[in-house]
Every structure is written in C-alpha cells, then in structure tokens.
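Visitor: give me a 3D structure for the following:
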Amino acid sequence: MGDRAVITFNEYDKAPSIYLHWEGSREYVEGFLKAGQLCLQPLKRTNATKLMDDLAHLIAKHYFEGKVGFTVYRQEYAKADKDNWDNGTYIVNEKTLKIVTRKFLPKDYIDTRTEHKSGLIAQHIRESVEAEKMKIIEAIETLNGCQADEEFINALNVIMDKCGVVYDKEQDCLVENRDPDYKV
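Guide: Here you go, the predicted model:
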C-alpha cells in the first residue's frame, strides 16, 4: 500500500534514484522537481548522485518534515522498486529537472494532475527552506553579538533550540531534537 514512485535521471543500474513510498503521483513529483529548480539551482552540482541526494533531502526534510512513515529512499536504480503498481518510474532531465518520460505505469493509470497543486507543493518546500535559512541567519547574528563566555554558551543554547538540535553526550555530537516539548 502506498502511492509509490521512483525518480531517476537514467535507467543504468548504478544511476542514482529516489524511491517515494507516498506522494508519488505526477503532480507531487512535478512539485518536488519545481522545488528542486527553485532551491537547488544556485548550488554547484558536482554530479548526478549529489544532485539526487540533495533532491531527496529537500523532499524528506522540507515536504515530509522528517516524519516517521513517509519514506524517501536514495538508492541505485537497480535496487529501486521501479514497477511498483502505483506511479511507476519518472525519468528526469538532470539539467532542467523536468520529467522526460515515465515507465511502468499501470494499465488503468489516469493522469489527474493539476499545475496549480504542483506549484503549491513547490511553494511549500521553498517557504520551508527559506524559514530554515532565516534560523541560520538569526543564529549567526546571535553569535556575533556575544561578549563573554557565559553569553556565548547561552547564545549556543538559543541557536540549538531554534535549529531543533540537542547535544547527545553518548555520541558526542548534535542530533535532531525529535521531542518538540524539550528545551535546551
């Protein structure tokens, strides 16, 4: 059960791909790709794998908001569930992030997409990315205003709270705070 789809740039076994368990219909995939055009274009694309990683991150973090149960896998095309009985596979142009063709569509598939919904999905993701950028800018401004060690530590606590991370003593690193009621 799901609304599955695979997104890839080509059909080679080692080609990077994304598997979506939910929201794999064309209007959602087009919305994700539009968000990629808006949010990933300025970044230097080193290769197709990096671009696919960035797109998967964009979808998982800024659309599904990291929620458990909304699967976004990044894998090689050979391992992907291409013929998934839902939305099949989208072959996407790597430079334009537009759908070139689709494979493995069910025989009874009906395209119900609306351009408007794709635009709203892209807008939602872009707003989430912009909100995250603002948190980072606020964090930098907070650090720039610190004078003493105690102020610096307090500023770091504010930044960690705004960015949704906590310090994990066992791992000796910052991790995502999954408890919305927890404060630093």
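Visitor: how close does the residue nearest to residue 2 when sequence neighbours are not counted get to residue 70?
Guide: Spatial nearest neighbour of residue 2, excluding adjacent residues (Cβ to Cβ, 6 or more residues apart in numbering): residue 21 at 4.6 Å. Glycine gets a C-beta too; all of them are placed from N, C-alpha and C. Distance of residue 21 to residue 70, given as Cβ to Cβ, to the nearest Å: 7 Å.
Visitor: do the same with residue 77
Guide: Residue 77 is 22 Å from residue 70, by Cβ to Cβ.
Visitor: what do you get for residue 133?
Guide: Distance from residue 133 to residue 70, by Cβ to Cβ: 23 Å.
Visitor: more neighbours: which of those two?
Guide: residue 70 (15 against 11; other Cβ atoms under 10 Å).
Visitor: you'd agree the more buried one is in a strand?
Guide: No - checked against DSSP: H, G, I helix; E, B strand; the rest coil, residue 70 lies outside a strand; its state is coil.
Visitor: and the chain, what are its domains?
Guide: 5-115, 145-184 (automatic domain parsing).
Visitor: and the longest one, how far out from the chain's middle?
Guide: To tie it back to what came earlier, the one meant is domain 5-115. Centre-to-centre, domain 5-115 and its host chain are 10 Å apart (Cα atoms, centre = their mean, to the nearest Å).
Visitor: on that earlier part again, do you know which of the domains of the chain lies nearest residue 128?
Guide: domain 5-115 (3.9 Å; Cβ to Cβ).
Visitor: quick check: end-to-end length of that closest one?
Guide: 19 Å (Cα to Cα, to the nearest Å).
Visitor: just the mean pLDDT for that domain, thanks.
Guide: Across domain 5-115, the average pLDDT comes to 90.
Visitor: and the residue nearest to residue 2, how far is that from residue 86?
Guide: On the measure of Cβ to Cβ, residue 21 and residue 86 end up 9 Å apart.
Visitor: cool, residue 158 as well?
Guide: For residue 158, the distance to residue 86 - Cβ to Cβ - is 44 Å.
Visitor: neighbour count for those two, which is higher?
Guide: residue 86 (20 against 15).
Visitor: check for me that the more buried one belongs to a helix.
Guide: No - under three-state DSSP, residue 86 falls outside any helix and is assigned coil.
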